[in-house]
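[1] coordinates only, sequence not included:
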């Protein structure tokens, strides 16, 4: 059974960078699209980015375009989220999730995603 584990979160100053990783428990990840989502206190979970199963196509929320980059290494069954120029409003718990499909939902909604990690906290503050 597929399980996902996020890592790489932490405290960073505005303008700083973090790289999140999403690894599996040994199950191959290259059958499915993978997304990153985030949830701030008191807010709904929102889609951040998604990458197709073979990495050929990606989607981003408007709020992170030009600052975040999603990538994957299928040989290592790992998906990454490089976050640059971080802002206080990026503060949230970040989750990765595996879709039921090979391609991403262009609207970055949670409905296609069947397996979720436990989340990693990202705090952007001076």
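    Received it, and whenever you're ready, just let me know what you need. Just so it is clear, the structure is predicted and the values come from calculations on it, not from any experiment.
[2] which residues touch residue 60?
    Contacts for residue 60 (CB atoms under 8 Å, 6 or more residues apart in numbering) come out as 48-49, 68, 70. Bear in mind the C-beta positions are built from the backbone N, C-alpha and C, glycine included.
[3] Just list whatever residues bridge to it.
    residue 49 (DSSP bridges).
[4] could you pull out the strands for the chain?
    4-7, 10-12, 18-24, 34-39, 46-51, 58-60, 68-73, 78-83, 92-99, 113-116, 120-124 (DSSP state E).
[5] Out of those strands, which is closest to residue 106?
    Closest to residue 106 of these, according to CB to CB: strand 58-60, at 6.0 Å.
[6] now residue 110: how far from residue 73?
    24 Å (CB to CB, to the nearest Å).
[7] Pick out the residue nearest the middle of this protein.
    residue 36 (2.2 Å; CA atoms, centre = their mean).
[8] dump the residue contacts of the spatially closest residue to it that is not a sequence neighbour.
    Spatial nearest neighbour of residue 36, excluding adjacent residues (CB to CB, 6 or more residues apart in numbering): residue 48 at 4.4 Å. Applying CB under 8 Å, 6+ apart to residue 48 gives the contacts 35-38, 60-61, 64, 68, 81, 94, 108.
[9] Right, I'll call it a day here.
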